[in-house]
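A.B. asks: Sharing a sequence plus its predicted fold:
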Amino acid sequence: MRQYGVLGVIPKGVFFMSGHSKWATIKRKKEVTDQKRASAFTKVTREIIVAAKAGGGDPNNNFRLRLAVLKAKEANMPNDNIQRAIKRGVGESDAAQFEEVYYEGYGPGGVALLVQCLTDNRNRTAGDMRYIFSRNNGNLGEAGCVAWIFAQKGLIIVDAEEYGKSEEELFEAAIEAGAEDLKNQDDTFEIYTETSQLETVRQSLENQQIPLKSAELTMVPSNTVELDAEQAQQLLKLVDALEDNDDVQNVYGNFEIPDAIMDELNK
């Protein structure tokens, strides 16, 4: 189906690894184990702590915290856990001092990977990243080697079935709200915005009673690398290994996997 927006036509099968790519959609449909759930809670707790520390504990006045709380609710985190994390962030209880660090490298097929981490021990995390890349056909690079490929954007997800209307109607509503682009991802619609417009667009769509699945900041690549079946399998194994690390919040990549290969790998 045709894609719209000022970003132009986005090739079918391009995955931004923002947590809402086709690969992420497939993983969401799989059974969630207790270990995976605990890992998700760990990651979002760290994000809440860092956001509250940086901008205060009121989500209404702290956009990053508001996004973190939305993500926590999407992961079904109990409200008590959310409030405890906020209190840790604003210093009302003992908390480890987490900092945001980005690691950059290359995966199979020359794919550029940007890994966002929240860590209380840079040495440990750097060692983990180096190990994961080297054991999964990748190479950890120097700071700045791939960051230039990515631009930060706002990303809003709408469940297609829950929305129940046409892509064209949603596109018109999103553009009128200030969005840049809309992409049809089979069972979801991805709405892209300028970073500064994410909250404005989110509020506008909610005011129009459009059901939103999530809203977050993501990193979008300026170019992509198409992978063959073997490269795709190796790359997704590397991404999985990175995402399984508690210090890793998000993995962004500029890879493209044709639908036929993705379907084969999912069997």
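C.D. replies: On my side now, so go ahead. Residues are numbered from 1 along each chain as shown.
A.B. asks: Can you give the distance from the helix or strand containing residue 155 to the centre of its chain?
C.D. replies: In the assignment (DSSP states H and E), residue 155 maps to strand 150-159. Taking C-alpha atoms, centre = their mean, to the nearest Å, one finds the center of strand 150-159 at 8 Å from the center of the full chain.
A.B. asks: Just name whatever secondary elements it is in contact with.
C.D. replies: For strand 150-159, the elements it packs on are strand 188-193, helix 198-207, strand 214-221, judged by 3 or more C-beta pairs under 8 Å, 6 or more residues apart in numbering; DSSP states H and E. Using the backbone N, CA and C atoms, a C-beta is placed for each residue, glycine as well.
A.B. asks: Ok, which of the ones you listed comes nearest residue 100?
C.D. replies: strand 214-221 (12.1 Å; C-beta to C-beta).
A.B. asks: give me the element residue 133 is part of.
C.D. replies: Counting by DSSP H and E, residue 133 is found in helix 122-135.
A.B. asks: Mind listing what's buried along that helix?
C.D. replies: Residues 125-126, 128-129, 132-133 are the ones in helix 122-135 that count as buried (16 or more other C-beta atoms under 10 Å).
A.B. asks: For it, C-alpha coordinates in CSV please.
C.D. replies: Extracted in CSV, the C-alpha atoms of helix 122-135 (Å, rounded to 0.1, in the frame of the first residue of the first chain):
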residue,chain,number,x,y,z
ARG,A,122,30.0,2.3,32.2
ASN,A,123,32.8,-0.2,32.3
ARG,A,124,30.5,-3.1,32.8
THR,A,125,28.2,-2.0,30.0
ALA,A,126,31.0,-1.3,27.6
GLY,A,127,32.4,-4.7,28.2
ASP,A,128,29.0,-6.3,27.7
MET,A,129,28.4,-4.4,24.4
ARG,A,130,31.9,-5.4,23.1
TYR,A,131,31.2,-9.1,24.0
ILE,A,132,27.7,-9.2,22.5
PHE,A,133,28.9,-7.6,19.2
SER,A,134,31.9,-9.8,18.8
ARG,A,135,30.0,-13.0,19.6
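A.B. asks: Just give me the longest helix of this protein.
C.D. replies: helix 34-55 (DSSP state H).
A.B. asks: Which strands or helices does that helix pack on?
C.D. replies: Secondary elements touching helix 34-55 (3+ C-beta pairs under 8 Å, 6+ apart): helix 63-74, helix 79-89, strand 112-119, strand 248-253.
A.B. asks: how about a cut-off of 10 Å?
C.D. replies: helix 63-74, helix 79-89, strand 99-106, strand 112-119, helix 229-243, strand 248-253 (3 or more C-beta pairs under 10 Å, 6 or more residues apart in numbering; DSSP states H and E).
A.B. asks: Switch the ones you listed over to CSV, and while doing so, append distance to residue 146, mean neighbour count and mean pLDDT to every line.
C.D. replies: CSV is the format used below for the helices and strands packed on helix 34-55 (distance: least, C-beta to C-beta, whole Å; neighbours: other C-beta atoms under 10 Å; pLDDT from 0 to 100):
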stretch, distance to residue 146, mean neighbour count, mean pLDDT
helix 63-74, 24, 20, 89
helix 79-89, 30, 18, 92
strand 99-106, 5, 18, 95
strand 112-119, 4, 23, 95
helix 229-243, 14, 20, 93
strand 248-253, 9, 24, 93
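A.B. asks: For residue 174, which of those is the nearest?
C.D. replies: That would be helix 63-74 among the helices and strands packed on helix 34-55, by C-beta to C-beta, at 18.1 Å.
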